[in-house]
Structure formats: C-alpha cells, structure tokens
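Colleague: got a structure for you, letters missing:
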C-alpha cells in the first residue's frame, strides 16, 4: 500500500476544535501524516515557534510570495491578517508522507478544489454558536472585539459546510477524536 501523497484538510470556524483533532491525528504514526505549516502575517502567540507552528511573515514578504505565485492558496482571513499554504513546503512533504492541513474554511475549499480526489476535506463544526463563543472566551487569548468578529465570521463559514466531504460535530472531544481517526484512516486505506 502506498502510504503517501494524499491530503487531509481540516477546516472549521475558529474555536471549533480542529487544531486539537489535527494534533491527535499527527500522533498516529500508522497514518504517516506530516503537518502543513501555514505562512501568516498575524502576530505570534505566546509559546509559538516560527517554522513549527507557522512561518511568520511581514505583510510585505507575504505579498512578495503572492506576487511570485508561491502559494497553493492564500487568504486574508481577517483585515490585514493573511494565511497561506506554501507550494514548495507541501510538495516536499507529499513526496514521503500524507499531508494534513489545519486551515480556514475558504482555504480548505481552495485546497480541495486543487487536490480533488487526492484530498479529504473535513469540516469541524461546534455544537452551537453559543458553545463556540464560550470556547473562544475561555481561551483568554483574544479581545472581546476579536471574539465577536470570529463568531460573526463563524456564522458565515458554517454556510460552506456542504463544500466539504464530511462534517464532524465536535460536541464531545473523545467522540470527535475517534470519528476523525476513523474517517481519515478509511480515506487513506481506500485508494
């Protein structure tokens, strides 16, 4: 069985739990997953490491990469905050592993359209908008204004759910972890 060259795309509104699910899947060595590190212009959060969590770029450097067609996809997710998947980084990973993306909803749709049958697009959904707001508040990493903006954006992002291959409702983390593992494993086994 060839166990490399496929893409797993996890997208969700901010605070839905996609990063937790992706981290769990990365620990499953039998899936042979490598993490696609996104480039971003957002500020580094405490404990984040350049080249491990993100490739942190200035806006001018990011725009040069766009101009030189260096991204598989990129998006201005929030005003003046860009994220993107670097072609060279992803192609290098695909040579020896399957690549998993933890990406915003629009970026996830773009990647699915690009990779088509070689990609599984998973939409992670919170049980409700109220629960999503609670999760964002409990993180204590964003201002109230930022939380309100993220919740407003989430309402719109949920409308794109049908563009994905499968939806996981993250109501219970243990169940969501099992569900995501089984979905990804089945996709990678069925060539």
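Modeller: That came through fine. Every value quoted in this text rests on a predicted model; they were computed, and no experiment measured them.
Colleague: ramachandran coordinates for residue 174?
Modeller: The phi/psi pair for residue 174 (degrees, to the nearest 10) reads phi -60, psi -50.
Colleague: roughly how far does it sit from residue 120?
Modeller: According to C-beta to C-beta, to the nearest Å, residue 174 and residue 120 sit 21 Å apart. C-beta here means a position set from N, CA and C on the backbone, and glycine is covered the same way.
Colleague: residue 134 and residue 101: what is the separation?
Modeller: With C-beta to C-beta as the criterion, residue 134 and residue 101 are 26 Å apart.
Colleague: now find how far off-centre the least confident helix or strand in the chain by mean pLDDT is within its chain.
Modeller: Using mean pLDDT, DSSP states H and E, the weakest-scoring helix or strand in the chain turns out to be helix 129-139, at a mean of 83. Between the centre of helix 129-139 and the centre of its chain there are 19 Å (C-alpha atoms, centre = their mean, to the nearest Å).
Colleague: show me what it is packed against.
Modeller: For helix 129-139, the packing partners by 3 or more C-beta pairs under 8 Å, 6 or more residues apart in numbering; DSSP states H and E come out as helix 144-158.
Colleague: tell me what the residue nearest to residue 44 when sequence neighbours are not counted is bridged to.
Modeller: Spatial nearest neighbour of residue 44, chain neighbours left out: residue 56 (5.6 Å); criterion: C-beta to C-beta, 6 or more residues apart in numbering. Taking DSSP bridges as the rule, residue 56 bridges to residue 40.
Colleague: wait, doesn't residue 56 sit right on residue 50?
Modeller: Yes: using C-beta atoms under 8 Å, residue 56 is in contact with residue 50, at 4.9 Å.
Colleague: more crowded one of those two?
Modeller: residue 56 (17 against 11; other C-beta atoms under 10 Å).
Colleague: residues in contact with the more buried one?
Modeller: Contact analysis of residue 56 by C-beta atoms under 8 Å, 6 or more residues apart in numbering lists 39-42, 44, 50.
Colleague: roughly how far apart are the nearest residue to residue 177 once chain neighbours are set aside and residue 169?
Modeller: Computed as C-beta to C-beta, 6+ apart, the closest residue to residue 177 that is not its neighbour in sequence is residue 24, at 5.0 Å. Per C-beta to C-beta, residue 24 is found 16 Å from residue 169.
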